[in-house]
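S.K.: This is the structure alone, sequence omitted:
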């Protein structure tokens, strides 16, 4: 005869079963950690176009909503029509593509000109400091004391070039695959973002039905509430961070023009783009910029280092809080831990999403 667990001990039995199952899963995860991480990486690689589409849809959502509100009066007689949302999705994608094209068309010529000028400056610096470079090569052990430095360096360059010629087809094939993969994922991402924007209401209704089907009403309500709150936090943080980085880049550009520093546009773009990354972004952008100015003009590098230190303090204490508000509310120590953990697990994507997540 079977002995069933009495009613008073059933909660304890459920807890023991849950703890045992969780412990077994943790042990299995530790034993098969390499396989699990490899499988997760493979799945993320396969689903990367959909992740790109989700990110693009998330960025375009504010534009799509505003366009849809403007179109609503035109479809009053058909309140259930999908036309406003379809049109708003198309318009948001067109606006995003146009903004990227205009930005690149303005930026790329200036970047190319600044890059060519920088190469000339570096070449001039090396030529003017030829003896110092040779002494450094001797002390570092790259060339011998009794060997003509110029001839030795030239022979090393020829030898390296000969070695690289052999792997050139592989490099070209790898580069082609990377470019093809990037373009393919971007195109698929745009298509996915269009469908996500066009069917966002239906997708939301389906997700709600799944929540209510799998959980009790109170729990489903809590899940929906926290999902909406997380979405608002993530959207506010992402949009605010982009606006904050744009403001920082513009301030950096005009201040560099006022101070007469070299390469204001390319350096301001670097500072603005890296400022999107939380906590470590300002340092990542400032170090190469200072090195570039150090080669051209050490005094300009010193001025820029002082200026960027002041700018980051102003951004961290005035501009950033005004734009972002209290979207995260977490301590700097927890921010650093989140960034390190996110970048270690998901790379560049984790570096961006770790703090709001």
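M.R.: Arrived safely, thanks for sending. It should be emphasised that the depicted structure is a prediction, and the values quoted were computed from it without experimental measurement.

S.K.: count of residues packed around residue 291?
M.R.: A count of nearby residues for residue 291, using other C-beta atoms under 10 Å, gives 10. Every C-beta, even on glycine, is put in place using the N, C-alpha and C of the backbone.

S.K.: before we move on, what about the one 5 residues further on?
M.R.: If you count neighbours by other C-beta under 10 Å, residue 296 ends up with 18.

S.K.: Surely it is in contact with residue 124?
M.R.: No - counting by C-beta atoms under 8 Å, residue 296 stays clear of residue 124, with 9.4 Å between them.

S.K.: anything in contact with each of the two?
M.R.: Common contacts of residue 296 and residue 124 (C-beta atoms under 8 Å, 6 or more residues apart in numbering): none found.

S.K.: Could you check the pLDDT of residue 103?
M.R.: Looking at residue 103, its pLDDT reads 76.

S.K.: cool, residue 143 as well?
M.R.: 55.

S.K.: and if you look at residue 321?
M.R.: pLDDT, residue 321: 70.

S.K.: Mind checking the pLDDT average for the strand or helix carrying residue 30?
M.R.: Per DSSP states H and E: residue 30 is located in helix 10-31. Across helix 10-31, pLDDT averages out at 81.

S.K.: What is the subsequent helix or strand relative to it?
M.R.: Counting by DSSP H and E, what follows helix 10-31 is helix 33-71.

S.K.: any idea how far residue 199 is from residue 293?
M.R.: 50 Å (C-beta to C-beta, to the nearest Å).

S.K.: What of residue 297?
M.R.: From residue 297 to residue 199 the distance is 55 Å (C-beta to C-beta).

S.K.: Ok, residue 238 next?
M.R.: In terms of C-beta to C-beta, residue 238 sits 22 Å off from residue 199.

S.K.: one step back: give me the helices and strands touching the helix holding residue 30, please.
M.R.: Where contact means 3 or more C-beta pairs under 8 Å, 6 or more residues apart in numbering; DSSP states H and E, helix 10-31 is not packed against any helix or strand.

S.K.: Report the inter-axis angle for that helix versus helix 33-71.
M.R.: 110 degrees (axes from the mean of the first three to the mean of the last three C-alpha atoms, to 10 degrees).

S.K.: who has more neighbours, residue 293 and residue 199?
M.R.: Taking other C-beta under 10 Å, residue 293 and residue 199 do not tie; residue 293 has more neighbours (22 against 16).

S.K.: Pull out the buried positions in the helix or strand hosting the more buried one.
M.R.: Under the criterion of DSSP H and E, residue 293 resides in helix 281-296. Neighbour counts over helix 281-296 (16 or more other C-beta atoms under 10 Å) mark 281-282, 284-286, 289-290, 292-294, 296 as buried.

S.K.: try stretch 218-237
M.R.: Within stretch 218-237, judged by 16+ other C-beta under 10 Å, the buried ones are 220, 223, 235-237.

S.K.: and what of stretch 264-276?
M.R.: So stretch 264-276, judged by 16+ other C-beta under 10 Å, has buried residues 264-272, 274-276.

S.K.: Out of these, the closest to residue 203 would be?
M.R.: The nearest member of the buried residues of stretch 264-276 to residue 203, counting by C-beta to C-beta, is residue 276 at 27.4 Å.

S.K.: I'd like the distance between that closest one and residue 241.
M.R.: 6 Å.

S.K.: which outside residues touch stretch 66-76?
M.R.: Residues from elsewhere that reach stretch 66-76 (C-beta under 8 Å, 6+ apart): 81, 83-85, 87-88, 91-92.

S.K.: Quick one, which of those residues are buried?
M.R.: 84-85, 87-88, 91-92.

S.K.: possible to save those residues as TSV with secondary structure?
M.R.: Shown next, in TSV, are the buried ones among the contacts of stretch 66-76 (DSSP: H, G, I helix; E, B strand; the rest coil):
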residue	secondary structure
84	helix
85	helix
87	helix
88	helix
91	helix
92	helix
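
S.K.: Backbone torsions only: list them for residue 275.
M.R.: When quoted as degrees, to the nearest 10, the phi and psi of residue 275 stand at phi -70, psi -20.

S.K.: so what pLDDT did it get?
M.R.: 85.

S.K.: repeat for the one 4 residues further on
M.R.: Residue 279 carries a pLDDT value of 66.

S.K.: repeat for residue 335
M.R.: pLDDT, residue 335: 67.

S.K.: Likewise for residue 76?
M.R.: pLDDT at residue 76 comes out at 74.

S.K.: from here on, count from 3
M.R.: That works, and once the first residue is 3, the last one we named lands at residue 78.

S.K.: Quickly note the distance from it to residue 315.
M.R.: Residue 78 is 52 Å from residue 315, by C-beta to C-beta.
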